[in-house]
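In: everything below, folded, please.
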Amino acid sequence: MHTSNNPSIYYTKEVIDIIRNYYYSTAKPSIDNIDIAIHIRRGDVVKNTFGPGKIDRFTDNNFYKQLIKKLLAKYPNYIIHIYSQGKIEDFSIKYHSRLRFHLNEDLITTFHSLVKAKVLVMAKSSLSYSAGILNENKVYYIDWWHKKLDHWINIIYLN
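Out: Numbering: from 1, shown residues only. Coordinates of the predicted model:
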């Protein structure tokens with residue numbers, strides 16, 4: 001599936017419903033209402049990881065600065081939650097009253113927050129990809145080697 005240029009032929013509505021039923025068959029953490037969840041992959045990835053046998057999964061902070069600016073404008077009543085690892089200073093993102101950082105938090109709570117977000121912005125990450133499959137709302141996809149599902153929106157089309 002993950003090497004397919006069209007994974008939606010495998011992840012049909014029926015298959016996704018089965019996966020969601022399995023996911024919700026166990027207890028989930030209690031979370032707050034999440035308007036926008038942005039997963040920023042850090043911790044196990046660093047800038048400039050190109051090389052023989054390496055896939056660059058790092059997305060630069062400047063990309064996220066521009067993305068946040070667009071999201072604040074497109075969703076004027078939503079709070080943006082950033083899920084990642086590290087320290088706030090690592091992201092060089094200016095303070096904004098509608099921005100919340102969730103760094104180094106429990107993985108199960110983080111994952112469920114991505115799943116339940118009204119708007120999910122995926123990272124180049126299998127964690128994000130899995131959350132995107134389970135998320136029943138709007139999912140923005142950043143192009144990488146796991147190709148997008150048909151109902152996801154390529155981030156380049158966010159205006």
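In: can you report how many residues neighbour I40?
Out: As a burial measure, I40 scores 26 neighbours (other CB atoms under 10 Å). For the C-beta atoms, the positions are set from N, CA and C on the backbone; glycine is no exception.
In: nearest residue to the residue nearest the centre of the chain in space, ignoring adjacent ones along the chain?
Out: Centrality entry for the chain: nearest residue to the mean C-alpha point is M122, 2.4 Å, by CA atoms, centre = their mean. When the adjacent residues along the chain are set aside, M122 lies closest to S128, with 3.7 Å between them (CB to CB, 6 or more residues apart in numbering).
In: doesn't I40 make contact with that neighbour?
Out: No - proximity of S128 to I40 does not meet the contact threshold set by CB atoms under 8 Å, at 9.7 Å.
In: return the residues in contact with the residue nearest to M122.
Out: Counting by CB atoms under 8 Å, 6 or more residues apart in numbering, S128 makes contact with H39, R41, L114, L120, M122.
In: for the worst-scoring helix or strand of the chain on mean pLDDT, packing partners?
Out: Among the secondary structure pieces of the chain, namely its helices and strands, helix 61-74 has the lowest mean (mean pLDDT, DSSP states H and E), a mean of 90. Using 3 or more CB pairs under 8 Å, 6 or more residues apart in numbering; DSSP states H and E as the contact test, the elements touching helix 61-74 are strand 36-39, strand 80-84, strand 119-121.
In: list the pairing partners of the first one within its sheet, with orientation.
Out: Each strand paired with strand 36-39, and its direction, by DSSP bridges: strand 80-84 (parallel), strand 119-121 (parallel).
In: what's the angle between the longest one and helix 61-74?
Out: The reference is to strand 80-84. Between the axes of strand 80-84 and helix 61-74, defined by axes from the mean of the first three to the mean of the last three CA atoms, to 10 degrees, the angle is 160 degrees.
In: just the mean pLDDT for strand 80-84, thanks.
Out: When pLDDT is averaged over strand 80-84, the result is 95.
In: give me the residues contacting the helix or strand that it is followed by.
Out: Read in the C-terminal direction, the helix or strand following strand 80-84 is strand 99-103, with elements assigned using DSSP states H and E. Among residues not part of strand 99-103, those counted as contacts by CB under 8 Å, 6+ apart are 68, 79-88, 91, 93, 110, 113.
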